[in-house]
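In: Let's see this in three dimensions:
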Amino acid sequence: MGGGGGGGGGGGGDVVCNIFTFTLSLMMIIFLSSISLSYAYDPLDPYGTVTITWDFLTQSDTDTYDIKVSIFNLQQYRHVELPGWRLKWTWNKSEVIWDMRGAEAVEQGDCSAFKGSGAGDLPHCCLKRPVITDLLPGTPYNMQYKNCCKGGVLSSMNQDPSKYLSSFGISIGNFHANPAGSNKSFDKLNLTMPTDFSLGIPGYSCGDAFLVPPTRYSDEKGQGRRWKQTLETWNITCTYSQFQASRAPKCCVSLSAFYNTTIVGCPRCSCGCQRLGGAKCIESGDKPPPSVLKLPTEQQAAISPPLVTCSQHMCPIRVHWHVKQSYKEYWRVKITITNLNFLKNYSDWNLVVQHPNLKSVRQLFSFNYHPLTTYGNINDTGMFWGIKFYNDMILPSGNQGNAQSEMLLHKDEGIFTFREGWAFPRRISFNGDDCVMPPPDDYPTLPNIAATLKPYMLLVSFIMFLAVASLALF
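Out: Modelled structure (predicted):
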């Protein structure tokens, strides 16, 4: 009996253990599903990264190398805006930068160790962790390098393919080699690469350098028929996280439609709440304090949280989607982007919208448009941006602080409807950051026919119903 009791106790323990395991697994699933995809993996741009490439071109001494550093923005719609990238890394030992073309180190650092070497000029930078910035447009030709001098700004691949790359040349001394016996197949130079790379842009984090096959390039003296390759090539991959860039969202969405008089505003406290969490705002019609206006433009734009127009949502950017008109075979939408930030203009902005009818866009009046096909034949996402020299810059808060366009879409048979909020977008992002959407229950709805009938019309309808019912009985 005692053994049977012990066996029963063991069975009960197994049941308790199984219940605990199931509960723990369920909690993990709920927790993981509650994490927004926009804070880690972006399903609309699954392969989007910023890649830094180090190409070792020549070796002029035992420990001195000429290197080409390139920064590729391989993201479909997220761009790098002003004040631009500020590339950083940490040297392993006593490496120094002797010379640079197309970029410059912010500080030279202490180069006194080279004062008595008789080598002539001092190194360009002797810091353990240098900070490198791009040169500005209009830099003298003798200081330029191919694909340099954009002020650190990188366009996305879709918006302007000619400006998604930035490069500079660098000459590095005291570049130490690893101990002999490296097992890496491509590591011919056996070098010790710097560590702790950073783009200097909020939201981006970079991994360690890793070896890749050497870069091949056309020999300028070979009339395009001869190819050369670098001594060695290393890559560093950087990814973006909206949560790391800013704990608070940066934009919100409001909705309206011609068939409903209700305007659904941005959700309350979308980006902050007035008088809470250090939020700063100015009433409509007022101007920013003189102390703020005296700051340099870059410092004004970097103020956090941003100085915005006082509102219930406190967002610097509001996107309004208005279902404007319905035709027999088409329907029209108006998109308005309003800048409520008093101190920042948005140049080369872009908007990404997810909606099932975007595959049938027929005409766009004041924006550029490019479809984003991320999975097979699914085409429900599109990228919008301004027309050059017309509305590619959204000025600070005020009468001119907006950009707008209308869009004509075809009514696809079998899926088009104005019911249940189908005409409104599923997701909107501005400059790569997701905007806060109103809850679906608040979307403008089609009018209720019964509610719009006059009382006498209801009476007439009731009498007609009774008459039909009486005829049916007899």
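
In: Could you tell me the per-residue confidence at the nearest residue to Val80 once chain neighbours are set aside?
Out: Nearest residue to Val80 in three dimensions, chain neighbours excluded: Leu154, at 4.0 Å (Cβ to Cβ, 6 or more residues apart in numbering). Yep, even glycine has a C-beta here, placed from its N, CA and C like the rest. If you check Leu154, the pLDDT there is 95.

In: Same check on the one 4 residues further on?
Out: At Asn158, the model reports a pLDDT of 90.

In: so which strand or helix has it?
Out: If you go by DSSP states H and E, Asn158 is not part of any helix or strand.

In: so what's the spatially closest residue to it that is not a sequence neighbour up against?
Out: Among residues not flanking Asn158 along the chain, His370 sits closest, at 4.9 Å (Cβ to Cβ, 6+ apart). Applying Cβ atoms under 8 Å, 6 or more residues apart in numbering to His370 gives the contacts 158, 382-383.

In: Next, count neighbours for Leu276.
Out: 9 (other Cβ atoms under 10 Å).

In: All further residue positions should be reported with the first residue as 23.
Out: Sure, I'll start counting at 23 from here, so that last one is Leu298.

In: For it, what is the enclosing helix or strand?
Out: Going by DSSP H and E, Leu298 is not part of any helix or strand.

In: if we can go back for a sec, could you list the paired strands of the helix or strand hosting the residue nearest to Asn180 along with their orientation?
Out: Per DSSP H and E, His392 falls inside strand 389-393. Strand 389-393 has its sheet partners listed here by DSSP bridges as strand 403-408 (antiparallel).

In: mean confidence for the following helix or strand past the strand it pairs with?
Out: Moving toward the C-terminus from strand 403-408, the next helix or strand (DSSP H and E) is strand 415-416. Mean pLDDT, strand 415-416: 92.

In: can you check stretch 454-462 too?
Out: Here the average pLDDT along stretch 454-462 is 94.

In: ok so, going back, distance from the chain centre to the strand holding His392, please.
Out: 17 Å (Cα atoms, centre = their mean, to the nearest Å).

In: Please identify the buried residues of that strand?
Out: Within strand 389-393, the residues that count as buried by 16 or more other Cβ atoms under 10 Å are 389-392.

In: Burial check on the residue nearest to Val102, number of neighbours?
Out: 25.

In: In the stretch 123-272 of the chain, where is pLDDT below threshold?
Out: For the stretch 123-272 of the chain, applying pLDDT under 70 flags the ranges 138-142, 198-210, 244-246.

In: Which stretches in it count as helices?
Out: Here the stretch 123-272 of the chain has its helices, by DSSP state H, counting those that start in this stretch, at 264-267.

In: which residues in the stretch 23-172 of the chain form strands?
Out: 72-83, 86-95, 108-112, 118-123, 125-127, 153-156 (DSSP state E, counting those that start in this stretch).

In: Can you name every helix or strand that the fifth one contacts?
Out: If you count contacts as 3 or more Cβ pairs under 8 Å, 6 or more residues apart in numbering; DSSP states H and E, strand 125-127 packs onto strand 153-156.

In: which helices and strands does the strand it packs on pack with?
Out: strand 108-112, strand 125-127, strand 187-195.

In: would you turn the buried residues of strand 389-393 into a markdown table with pLDDT and distance to Leu213?
Out: Listed next are the buried residues of strand 389-393 as a markdown table, based on pLDDT from 0 to 100; distance: Cβ to Cβ, whole Å:
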| residue | pLDDT | distance to Leu213 |
| --- | --- | --- |
| Phe389 | 95 | 47 |
| Asn390 | 95 | 44 |
| Tyr391 | 95 | 46 |
| His392 | 93 | 40 |
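
In: From Gly287, how far off is Phe446?
Out: 14 Å (Cβ to Cβ, to the nearest Å).

In: coming back round to it: looking at the buried residues of strand 389-393, which one is closest to Trp113?
Out: Distance to Trp113 across the buried residues of strand 389-393 (Cβ to Cβ) is lowest for His392, with 41.1 Å.

In: So in terms of bridging, what pairs with that closest one?
Out: Met405.

In: Could you do Leu233 as well?
Out: Trp256.

In: rewinding a little: to Trp353, which of the strands of the stretch 23-172 of the chain lies closest?
Out: Trp353 lies closest to strand 86-95 among these, at 35.0 Å (Cβ to Cβ).

In: how near is Ala445 to Glu428?
Out: Per Cβ to Cβ, Ala445 is found 14 Å from Glu428.

In: Of those two, which one has the most company?
Out: Ala445 (23 against 17).

In: Hmm, Lys346 and that one touching each other?
Out: No. If you go by Cβ atoms under 8 Å, Ala445 and Lys346 don't touch, sitting 10.5 Å apart.

In: what residues are shared contacts of the two?
Out: Val355.

In: Could you count how many residues lie near Trp76?
Out: Using other Cβ under 10 Å, Trp76 is surrounded by 25 other residues.

In: what's the pLDDT at it?
Out: Value for Trp76, per-residue pLDDT: 96.

In: try the one 3 residues further on
Out: Per-residue confidence (pLDDT) for Leu79: 92.

In: what about Phe411, how many neighbours?
Out: Neighbour number of Phe411 under other Cβ under 10 Å is 7.

In: Likewise for Tyr465?
Out: Neighbour tally, Tyr465, other Cβ under 10 Å: 18.

In: gap between it and Lys433?
Out: 19 Å.

In: from the contacts of His392, which single one is nearest Phe280?
Out: Distances from Phe280 to the contacts of His392, taken by Cβ to Cβ, are shortest for Gly404, at 22.1 Å.

In: list the contacts for that closest one?
Out: By Cβ under 8 Å, 6+ apart, Gly404 lies in contact with 374-375, 377, 380, 383, 391-394.
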